[in-house]
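Trainee: make a model of this:
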Amino acid sequence: MNISSSVTLDPGLKKHYNINQYEVEEKPSYCSKFIIFLSLVITFLTLPISIWFSFKVVQEYERAVIFRLGRLKSRKPKGPGMFFIIPFIDTYRSVDLRTRAFNVPPQEILTKDSVTVAVDAVVYFQVSNPLTAVCNNENYARSTKLLSATALRNVLGIYILSDILSNREVIAESMHKTLVEVTEPWGVHVERVEIKDVRLPIQLQRAMAAEAEATRDARAKVIASDGELNSSKSLKEAADVISSSQAGLQLRYLQSLHTISAEKNSTIIFPLPMELLGGFTHRDFSSARRRKGIKCDNCKKYKTEDTN
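Mentor: Model (predicted):
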């Protein structure tokens, strides 16, 4: 694996910087060989004290990147378990391969529809290439955190407030793709991104609550109106059915009276059909007109019928 391929340099700096600096030197210089030989001699002369500085141990979830005289010793990291280094000239850096998680601090973001919201997220990442993580980035964990905060602001800036509240998974996936593309040259793999919380200003929350309440009230009134319309149609159909039979209305009265009496009420108000009083009211009206001297054609008609 050639990790030098991920290093990008300014063309003006290439004459001062060796682009293949991370390549393992196949043939060390004579000076390097002499220093290595001298270190080995000192190590053997100081046994068994030097043995405590020569053997190192890394855990199962760790890998060790060894540098000899400032240069990368091997293209493959050491570990897990015990490995040997030469004191005085070898240094190593242990890299944790376990998945890590960190909270992205709440970011004050201006959405596309000019609404200020505070959004925070959770990012899960792990080191996929220890050599690249050590050689290509001074502090890969801190760089990933800063990049996550910037990516969160950039991604949310192109959405409106309703999309941020309803499409969290889409936003998290877009942010995840952005982080994967940037952190791959660092030897870091971003496993998952989750939008944690979206905080709205208090005034905006009140306005949205009032809007939602008004919408629910309007919908309730529409539903109640539809119910009244349907019930009136049903009552009209029932009235048409009852009016088709002379005894139907009386039976309905009796049924209502039975229903009311079942509740043990002491006072019952029962409606009386006005048709039953039609004849009495008409006769009283005719007699009143006679007393006042008002001619009535219907009175003559009734008188004729009485005579017959």
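Trainee: can you map out the strands along the stretch 51-200 of the chain?
Mentor: Taking DSSP state E, counting those that start in this stretch as the criterion, the stretch 51-200 of the chain contains strands spanning 55-58, 62-68, 71-72, 81-84, 90-96, 100-110, 116-127, 188-199.
Trainee: which of these has the lowest average pLDDT?
Mentor: Ranked by mean pLDDT, the strands of the stretch 51-200 of the chain bottom out at strand 71-72, with a mean of 84.
Trainee: from Val182, how far off is Phe83?
Mentor: Distance, Phe83 to Val182, using Cβ to Cβ, to the nearest Å: 32 Å. Where you see a C-beta, it was placed from the backbone N, CA and C, and this is true even at glycine.
Trainee: should've said Val127
Mentor: 15 Å.
Trainee: with Ile36 instead?
Mentor: Ile36 is 38 Å from Val182, by Cβ to Cβ.
Trainee: in a markdown table: the strands of the stretch 51-200 of the chain, plus distance to Ile42.
Mentor: Shown next, in a markdown table, are these (distance: least, Cβ to Cβ, whole Å):
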| stretch | distance to Ile42 |
| --- | --- |
| strand 55-58 | 16 |
| strand 62-68 | 15 |
| strand 71-72 | 20 |
| strand 81-84 | 15 |
| strand 90-96 | 13 |
| strand 100-110 | 39 |
| strand 116-127 | 34 |
| strand 188-199 | 38 |
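Trainee: wait, doesn't Val134 sit right on Val65?
Mentor: Yes. Contact criterion Cβ atoms under 8 Å: Val134 and Val65 qualify, at 4.7 Å.
Trainee: now for these two: what residues contact both?
Mentor: Arg93, Val95 (Cβ atoms under 8 Å, 6 or more residues apart in numbering).
Trainee: distance of the residue nearest to Arg168 when sequence neighbours are not counted relative to Leu69?
Mentor: Leaving aside its sequence neighbours, Arg168 sits nearest to Ile195 (Cβ to Cβ, 6 or more residues apart in numbering; 4.4 Å). According to Cβ to Cβ, Ile195 stands 47 Å off from Leu69.
Trainee: the more surrounded of those two?
Mentor: When Ile195 is set against Leu69 and neighbours are counted by other Cβ atoms under 10 Å, the residue ahead is Ile195, at 21 against 17.
Trainee: check what pLDDT the closest residue to Asn167 other than its chain neighbours gets.
Mentor: In this structure, Asn167 finds its nearest non-sequential neighbour in Tyr159, 7.5 Å apart by Cβ to Cβ, 6+ apart. pLDDT, Tyr159: 86.
Trainee: how many neighbouring residues does Tyr159 have?
Mentor: Count around Tyr159 with other Cβ under 10 Å applied: 19.
Trainee: phi, psi for it please.
Mentor: The phi/psi pair for Tyr159 (degrees, to the nearest 10) reads phi -110, psi 150.
Trainee: show me what contacts it?
Mentor: So Tyr159 contacts Thr111, Lys112, Asn167, Ile171 (Cβ under 8 Å, 6+ apart).
Trainee: again with Ser128
Mentor: Residues counted as contacts of Ser128 (Cβ under 8 Å, 6+ apart) are Gly187, Val188, His189.
Trainee: re earlier: higher neighbour count, Val127 and Val182?
Mentor: When neighbours are counted by other Cβ under 10 Å, Val127 and Val182 differ, and Val127 comes out ahead with 23 against 17.
Trainee: the more buried one touches Ser94, doesn't it?
Mentor: No. Look at Val127 against Ser94 with Cβ under 8 Å: they stay out of range, at 11.0 Å.
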